[in-house]
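Colleague: I would like to see how this sequence folds:
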Amino acid sequence: MCRWHTICMTGSPLPGRYVGALRTEQGWIGGTDPTNAALVTPPPDAVPALVGVLVAYVNRDDLDPVIRAAVAHAQFEIAHPFGDGNGRVGRVLVSGILARRMSLLVPPPVSVAIAADFGGYLSGLTRFRLADAPGWVRWFSDAVARGGRDQRSLVDAVGSVKAMLRARLEGQGNRSDAAAWRVLDLLPRLLVLTTGIVEHELGISNKAANAAMHQLVDAGVLSSDEQLPGRRGRPARRYVCPDLLALAGSTPVHRRA
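Modeller: You can find the predicted model right below:
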């Protein structure tokens, strides 16, 4: 967990002495001081023992993975073992447990489900603190299920978008062995492309990479930052697929009118 904290917080405003290290100061959540805080975290001298209990719990082999992730996350957030960044590491902990214990390459995006019902999340953690662990586990299990359904829907949507993009490229009459077809295979793994990335990924020349990107722009598959206001006439540097970005609600590059 300390290694995860280092990865998550390196480059943040958090002073270096707190990065990757358990906290040594009293903390609280909400309010201006411990007297009016929403949660007063355990004293710093109790943190190492609490983390030890948490690690032992996570490493048990006799628990359902979702229950294990729910209880471990609640234990972690209540202990609040770091000076800052506990929310980030707590989400990594959930993903790590689900991926490891359910043999998943990509665990359900539970953090998305939590963000969609943050009030329910805070209420669930409060119930856990007040000894209603089953109530918290039920809420968390529903969040995992929602995340799994959303993940499956996203995979299906990406498949539909890729089929649509292939149809657009076919409509341009490009050869089946053209580099443009191979660029399609880079999506959605690489949501932002440059000619340099395409050269490296496909092992082709800069000229071939440029030709492929222009074909994809002409086919309406990609848009480039050349098409943004103030960039007309300059070399295009970045290319994105607006249809794929739209699945996440993002539209940083607009198509030419």
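Colleague: I figured residue 127 hits residue 135, correct?
Modeller: Yes. At 4.4 Å, residue 127 and residue 135 qualify as touching, with contact defined as C-beta atoms under 8 Å. Just so you know, the C-beta spots here come from the backbone N, C-alpha and C atoms, and that holds for glycine as well.
Colleague: more crowded one of the two?
Modeller: With neighbours defined as other C-beta atoms under 10 Å, residue 127 and residue 135 compare such that residue 127 has more, 18 against 15.
Colleague: what pLDDT does the more buried one get?
Modeller: pLDDT, residue 127: 93.
Colleague: 33 is where my numbering starts, stick with that
Modeller: In the new count, where the first residue is 33, that last one comes out as residue 159.
Colleague: is it in a helix, a strand, or coil?
Modeller: helix (DSSP: H, G, I helix; E, B strand; the rest coil).
Colleague: so what's it up against?
Modeller: Residue 159 is in contact with 165, 167, 168, 171, counting by C-beta atoms under 8 Å, 6 or more residues apart in numbering.
Colleague: now do 7 Å
Modeller: Counting by C-beta atoms under 7 Å, 6 or more residues apart in numbering, residue 159 makes contact with 167, 168.
Colleague: what about it, distance to residue 89?
Modeller: Going from residue 159 to residue 89 by C-beta to C-beta, to the nearest Å gives 19 Å.
Colleague: for residue 219, same thing?
Modeller: From residue 219 across to residue 89, the span is 41 Å (C-beta to C-beta).
Colleague: next: residue 233.
Modeller: Computed as C-beta to C-beta, the residue 233 to residue 89 distance reads 42 Å.
Colleague: please enumerate the strands of the chain.
Modeller: Remark: strands of the chain, listed N- to C-terminal, are 60-61, 71-72, 224-225, 255-256, 271-272; assignment by DSSP state E.
Colleague: residue 233 and residue 89: which is more packed in?
Modeller: Set side by side, residue 233 and residue 89 show unequal neighbour counts under other C-beta under 10 Å, the larger going to residue 233 at 16 against 13.
Colleague: for the more buried one, which non-adjacent residue is spatially closest?
Modeller: Here the nearest residue to residue 233 in space, its sequence neighbours aside, is residue 218; by C-beta to C-beta, 6 or more residues apart in numbering that works out to 5.8 Å.
Colleague: what is the burial count for the one you found?
Modeller: Taking other C-beta under 10 Å as the neighbour definition, residue 218 ends up with a count of 15.
Colleague: so it sits against residue 232, correct?
Modeller: No. Between residue 218 and residue 232 there is no contact, the gap being 10.6 Å when judged by C-beta atoms under 7 Å.
Colleague: so residue 36 is in contact with residue 124, correct?
Modeller: Yes. Shown here, residue 36 and residue 124 form a contact pair, counting by C-beta under 7 Å, at 5.0 Å.
Colleague: the longest helix seen in the chain packs against which elements?
Modeller: Under DSSP state H, the helix in the chain containing the largest number of residues is helix 165-203. Helix 165-203 sits against helix 97-111, helix 142-148, helix 150-161, helix 211-216, helix 274-278, with contacts defined as 3 or more C-beta pairs under 7 Å, 6 or more residues apart in numbering; DSSP states H and E.
Colleague: in TSV: the ones you listed, plus distance to residue 78.
Modeller: TSV is the format used below for the helices and strands packed on helix 165-203 (distance: least, C-beta to C-beta, whole Å):
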stretch	distance to residue 78
helix 97-111	8
helix 142-148	26
helix 150-161	15
helix 211-216	55
helix 274-278	46
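Colleague: hey, least reliable of those by pLDDT?
Modeller: Least confidently modelled of the helices and strands packed on helix 165-203 is helix 142-148, at a mean of 86 by mean pLDDT.
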